[in-house]
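Got a predicted model here, sequence first, then my questions.
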Amino acid sequence: MDKDSLRAIPKIDELLKEPQMIMAIEQHGKTVVVDCARSVTDRKRQQIILGNHKEPINRNQLIQEIEALIKNKMQRHLRPVINGTGIILHTNLGRAVLSESAAQAAYDVARNYSTLEYNIATGERGSRYSHVDSLLKELCGCESAMVVNNNAAAVLLVLNTLAKHQQVIVSRGELVEIGGAFRVPEVMEQSGAILVEVGSTNKTKKSDYENALSYENTGALLKVHTSNYKIIGFTEEVTLQELAEIGKNHDIPVVYDLGSGGFFKAEEYHLKDEPNVPESIQTGADIICFSGDKLLGGPQAGIIVGKKKYIDAMKKNPLTRAIRVDKMTLAALEATLMLYLDRDKAEKEIPILANLLVTKESLFKKAEQFAALLKNNAMIACEIIEDFGQVGGGSMPNQMIPSVCVSIKAKGFSENALDRKLNNAETPIIGRIHKDLYLLDMRTIESKDFETIAMALANLAE
Ligand SMILES: *Cc1c(COP(=O)(O)O)cnc(C)c1O
């Protein structure tokens, strides 16, 4: 054991007088800095005792180690990343990016008291659903609306309210798993409804539903939009319109779990087979539920729209309290819905819609602008190529959309090594590897992030 080295380790109190430590205390508080200083000095002491620390103690190096430890500990775990995957609604990267006004609205109610459940006009208690009620009625053409924490919760609430201990009839072709362990049969079981499967995997007919109906004990007819898989070939499906007719004839509510409902025609956004909310209401669904953060491009939420008598019953269901929507979500949702009142504004300001509509020419322009930033980096070779991005994996249509990418080769790094390195950059950069190429897709990267990526590529060697 080296007594001189042990003695050379400064006392914590002394270290705290260093300017870097004073600054760190201001930023993170004394407890954090003292804890980190103690960790580093204790580790040094251990190394000396075990004979693993041969060099003399260097005070500056010690301080740098403490700073590094503080930085590591105080870096937020949940933080922004740069999405270069080309997947617009990436489940693991947080799905929809909010519009500026939606983010601002969430911030405003977070930092202030708000009208959450206060009616300004009467000075009395108000309802948290009132903030989005008339917007949703106008945009969807429905009688009533409410919002819960997410769409999985919405489905649970709808079934529990309309069909507890009663039968819910659903086609075998629609008993899907959406991802993230949302399986229609399992949610149904949790809701207390009794699942009645009809038809077969590839074919379900009107008569299948009619034969399964029991007047005393059928709570609802359920249709699920199976956006993440497709049955092709010898198939038959009962349309929403046909189902709505059966429901009307037998006075049984028809529920449509739309999942990724939007307000505009999907074809105009280069999407196929995506029904929208207003059309589905018009077709005759009594209740529709959909996510706030899929095609809508708002915050995570489960939106329920449809007939007032059913939605009133849902608002009274005690389960509603357990899946209640939060004020920041409501604020962001209201701001998002307001953008939808003007289509031009929605397409400009809601990132999902803007990303779906961006032209190939502007993607090429973006790619050139980005590639120009890398020109002076001798380690990097890049090329602009055309490839395909996606709307969203898992819970969303796996539809490929043509996109423009910058492929990057870094001297001395395999694609996998480059990928890992950029993943661990200060702002993590998530790209994709395709056919031995490391690609950054211009559709999901914002120009404001180009400098950050160029910087990370300049620091690769570190
Ligand atoms: C995504 C999806 C859900 C689940 O919605 P969350 O908002 O993720 O809870 C349920 N049903 C369908 C059809 C979906 O596509």
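Structure's in. What do you need?

tell me the phi and psi of the residue in the stretch 151-300 of the chain that the ligand sits nearest to?
As assessed by C-beta to the nearest ligand atom, the ligand sits closest to residue 259 within the stretch 151-300 of the chain, at 2.2 Å. Where you see a C-beta, it was placed from the backbone N, CA and C, and this is true even at glycine. Main-chain dihedrals, residue 259, degrees, to the nearest 10: phi 70, psi -80.

Over to residue 88?
phi -70, psi -50.

Leaving out chain neighbours, which residue sits closest to it?
Nearest non-adjacent residue to residue 88, counting by C-beta to C-beta, 6 or more residues apart in numbering: residue 355, 4.9 Å away.

ditto for residue 149
residue 323 (4.7 Å).

ditto for residue 90
residue 83 (6.0 Å).

Report how many residues lie close to that neighbour.
Neighbour count of residue 83, defined by other C-beta atoms under 10 Å: 23.

Who are the contact partners of it?
Shown in contact with residue 83 (C-beta atoms under 8 Å, 6 or more residues apart in numbering): 90, 93, 430, 444-445.

go on, residue 297?
Residue 297 is in contact with 96-99, 336, 350-353, counting by C-beta under 8 Å, 6+ apart.

residues contacting residue 421?
Residue 421 touches 413, 460, counting by C-beta under 8 Å, 6+ apart.

immediately after the host helix or strand of it, which helix or strand?
Here residue 421 sits within helix 415-423, counting by DSSP states H and E. For helix 415-423, the following helix or strand on the C-terminal side (DSSP H and E) is strand 429-430.

Quick check: closest non-adjacent residue to the most centrally placed residue in the chain.
The centroid of the chain falls nearest to residue 95 when counting by C-alpha atoms, centre = their mean (2.4 Å). In space, residue 95 comes closest to residue 293 once its chain neighbours are excluded; the distance is 4.5 Å by C-beta to C-beta, 6+ apart.

sec struct for that neighbour, please.
coil (DSSP: H, G, I helix; E, B strand; the rest coil).

hang on, isn't it packed against residue 91?
No - applying C-beta atoms under 8 Å as the test, residue 293 and residue 91 come out as separate, 9.8 Å apart.

out of those two, which sits in the busier spot?
A direct count of neighbours by other C-beta under 10 Å for residue 293 and residue 91 places residue 293 higher, at 26 against 16.

and the more buried one, what is it in contact with?
Residue 293 touches 89, 95-96, 299-301, counting by C-beta under 8 Å, 6+ apart.

who does the residue nearest to residue 90 bridge with?
residue 430 (DSSP bridges).

Over to residue 402?
Applying DSSP bridges, one finds that residue 402 bridges with residue 388.

gap between it and the ligand?
24 Å (C-beta to the nearest ligand atom, to the nearest Å).

Surely that residue is in contact with residue 390?
No - using C-beta under 8 Å, residue 402 is not in contact with residue 390, being 11.1 Å away.

how far out from the middle of the chain is stretch 436-449?
Between the centre of stretch 436-449 and the centre of its chain there are 19 Å (C-alpha atoms, centre = their mean, to the nearest Å).

And for stretch 4-15?
Put simply, stretch 4-15 sits 48 Å off its chain's centre (C-alpha atoms, centre = their mean).

just checking, residue 163 touches residue 217?
No - with contact defined as C-beta under 8 Å, residue 163 does not reach residue 217; the gap is 9.4 Å.

Three-state assignment for residue 54, please.
coil.

residues near it, how many?
9.

Tell me how far it lies from residue 2.
9 Å (C-beta to C-beta, to the nearest Å).

Repeat that for residue 68.
Distance from residue 68 to residue 2, by C-beta to C-beta: 24 Å.

Around the nearest residue to residue 236 once chain neighbours are set aside, count how many other residues there are.
Spatially, and ignoring its direct neighbours in sequence, residue 236 is nearest to residue 203 (4.2 Å; C-beta to C-beta, 6+ apart). As a burial measure, residue 203 scores 16 neighbours (other C-beta under 10 Å).

In contact with residue 203, which residues?
Counted by C-beta under 8 Å, 6+ apart, residue 203 has contacts 173, 234-236.

can you count the residues close to the closest residue to residue 231 other than its chain neighbours?
Closest residue to residue 231 apart from its sequence neighbours, by C-beta to C-beta, 6+ apart: residue 202 at 5.3 Å. Residue 202: 14 surrounding residues under other C-beta under 10 Å.

picking that back up, can you say which two of the contacts of residue 293 are spatially most distant?
The two members of the contacts of residue 293 with the most space between them (C-beta to C-beta) are 89 and 301, at 14.4 Å.

near the ligand, which residues of the protein show up?
150-152, 155, 178, 182, 224-225, 227, 257, 259-260, 291, 302, 395 (C-beta under 6 Å from any ligand atom).

May I have the secondary structure class of the residue nearest to residue 88?
The three-state assignment at residue 355 reads helix, by three-state DSSP.

do you know how far the closest residue to residue 429 other than its chain neighbours is from residue 440?
Leaving aside its sequence neighbours, residue 429 sits nearest to residue 422 (C-beta to C-beta, 6+ apart; 4.0 Å). Shown here: residue 422 relative to residue 440, a distance of 9 Å by C-beta to C-beta.

Please enumerate the shared neighbours of these two.
Shared contacts of residue 422 and residue 440, counting by C-beta under 8 Å, 6+ apart, come down to 429, 431, 453.

looking at those, which has the most residues close by?
When neighbours are counted by other C-beta under 10 Å, residue 431 leads the shared contacts of residue 422 and residue 440 with 26 neighbours.

these two touch, right, that residue and residue 440?
Yes - using C-beta under 8 Å, residue 431 is in contact with residue 440, at 4.9 Å.

Now the common contact residues for the two.
Listed as contacting both residue 431 and residue 440 by C-beta under 8 Å, 6+ apart are 84, 408.

Report the helix or strand with the lowest average pLDDT across the chain.
Every helix and strand in the chain was compared by mean pLDDT, DSSP states H and E; the lowest is strand 177-179, with a mean of 76.

Mind checking what helix or strand follows it in sequence?
strand 182-183.

ok, residues contacting that next one?
152, 175-177, 395.

do that again at 10 Å, thanks
Residues outside strand 182-183 that contact it (C-beta atoms under 10 Å, 6 or more residues apart in numbering): 150-152, 155, 175-177, 189, 257, 259, 394-395.

Looking at residue 163 and residue 217, which one has more neighbours?
Between residue 163 and residue 217, residue 163 has the larger neighbour count (other C-beta under 10 Å), namely 26 against 12.

Phi first, then psi, for residue 203.
Phi and psi for residue 203, reported as degrees, to the nearest 10, are phi -140, psi 130.
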